[in-house]
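Undergrad: This is a predicted model, with the sequence first.
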Amino acid sequence: MAMVSMKLSVPPLNFPNLRPNKRYPGMAFAATNQDAVALGVKVTQGEGNLPKLVLTSDHGSEAEIYLFGGCITSWKVPSGRDLLFVRPDAVFDKKKPISGGIPHCFPQFGPGAMQQHGFARNMDWSLVESGNVEGNPNVTLELKDGPYSRAMWDFGFLARYKVILNMKSISTELTVTNTDNKAFTFSAALHSYFRASITGISVKGLKGCKSLNKDPDPKNPIEGREERDSITFPGFVDCIYLDAPNEVHLDNALGDVITIKNTNWSDAVLWNPHLQMEACYKDFVCVENAKIGTVQLEPEQSWIAKQHLSIV
Ligand SMILES: O=P(O)(O)OC[C@H]1O[C@@H](O)[C@H](O)[C@@H](O)[C@@H]1O
């Protein structure tokens, strides 16, 4: 049964890309004369006056999500630590994707025919549903094709992204549906930036995977096989792991070990830019769930992939 908190969450602003939520059993909504959102979900103005959702769990965690790019920029666990990282050079003016948090790479991981990492992180997603289950909020965002995406990739699609915050975890479910009358292919990733202390970071769980090392030439990666139990970051790292396991562990060397589980994100990417980003490389690492080998969807078909980040 859902537990309903007394705290009302009233969206203070009326953003054009917010749509009314559906109401369904087990969810508690604070209805206003604007859009209704669930308890534990607030619509606020973030950096650059961009619409930002703030999710607050009754159990001590909090998350922030920008509709621009459908980007989760903050995940605070009950200790108060934010386990995600936004780069100091990130801009919030829609001229560039937000550099940090969990940006989407879709419909291309890259490099490839269109801009690196595709267009989904440069577009405004819409809030279409929100809910609250036992004090834990969730939201569902949606992205559809439009003139901007069609100019790069001439297909009709619908992407739905559900984000669920719990006390010690944040989960996402991405569903991509082909709404066109012809098939399309795509690749994708959740380009997660984790706050970390570079000299102590380790990533475990990728031993034995086939690797594609993008260093030195991202267009001609070098094939190999990962032999280390524990991967560290003594220098520049940009490497794809194919057929990665559905669970890896990141020790961020700041006091947390993050379990990164997935369903259907078949591949993984590790990236740290080292001296290419001298101002911040010591403070983060990207551990990305990815789908590097392309997915083909026939009209009306969908592809679903889930990510579950948790601490003990
Ligand atoms: O676009 P961003 O957020 O600056 O990230 C770029 C990096 O993203 C990584 O996913 C790629 O593996 C790197 O090759 C790339 O340089």
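TA: All right, it came through fine.
Undergrad: going forward, measure contacts and count neighbours with C-alpha atoms only.
TA: OK.
Undergrad: Dihedrals phi and psi, Y148?
TA: phi -60, psi -50 (degrees, to the nearest 10).
Undergrad: Count the residues that sit near it.
TA: Other residues within reach of Y148, judged by other Cα atoms under 10 Å, total 12.
Undergrad: Next, work out how far apart it and the ligand are.
TA: Using Cα to the nearest ligand atom, to the nearest Å, Y148 is found at 19 Å from the ligand.
Undergrad: Relative to L270, how far out is that residue?
TA: 29 Å (Cα to Cα, to the nearest Å).
Undergrad: do V285 as well
TA: Counting by Cα to Cα, the gap from V285 to L270 is 7 Å.
Undergrad: Then E142?
TA: Taken as Cα to Cα, the span from E142 to L270 is 27 Å.
Undergrad: just A305 next, same as before
TA: Applying Cα to Cα to A305 and L270 gives a distance of 19 Å.
Undergrad: same deal with E247?
TA: Note on E247: its distance to L270, by Cα to Cα, is 14 Å.
Undergrad: For these two, indicate the residue with more neighbours.
TA: L270 (20 against 16).
Undergrad: nearest residue to the residue most central in space within the chain other than its sequence neighbours?
TA: In the chain, the centroid-proximal residue (Cα atoms, centre = their mean) is I102; its distance is 3.4 Å. Take I102 and drop its neighbours on the chain: the residue closest to it by Cα to Cα, 6 or more residues apart in numbering is S192, 4.3 Å away.
Undergrad: what's the burial count for that neighbour?
TA: 26.
Undergrad: ditto for the one 4 residues further on
TA: Residue crowding around A196 was assessed by other Cα under 10 Å; the count is 25.
Undergrad: Same question for the one 3 residues further on.
TA: Residues within reach of T199, counting by other Cα under 10 Å, total 14.
Undergrad: Likewise for S74?
TA: The number of residues packed near S74 is 23, by other Cα under 10 Å.
Undergrad: these two touch, right, it and F85?
TA: Yes - contact status for S74 versus F85: in contact at 7.3 Å, counting by Cα atoms under 8 Å.
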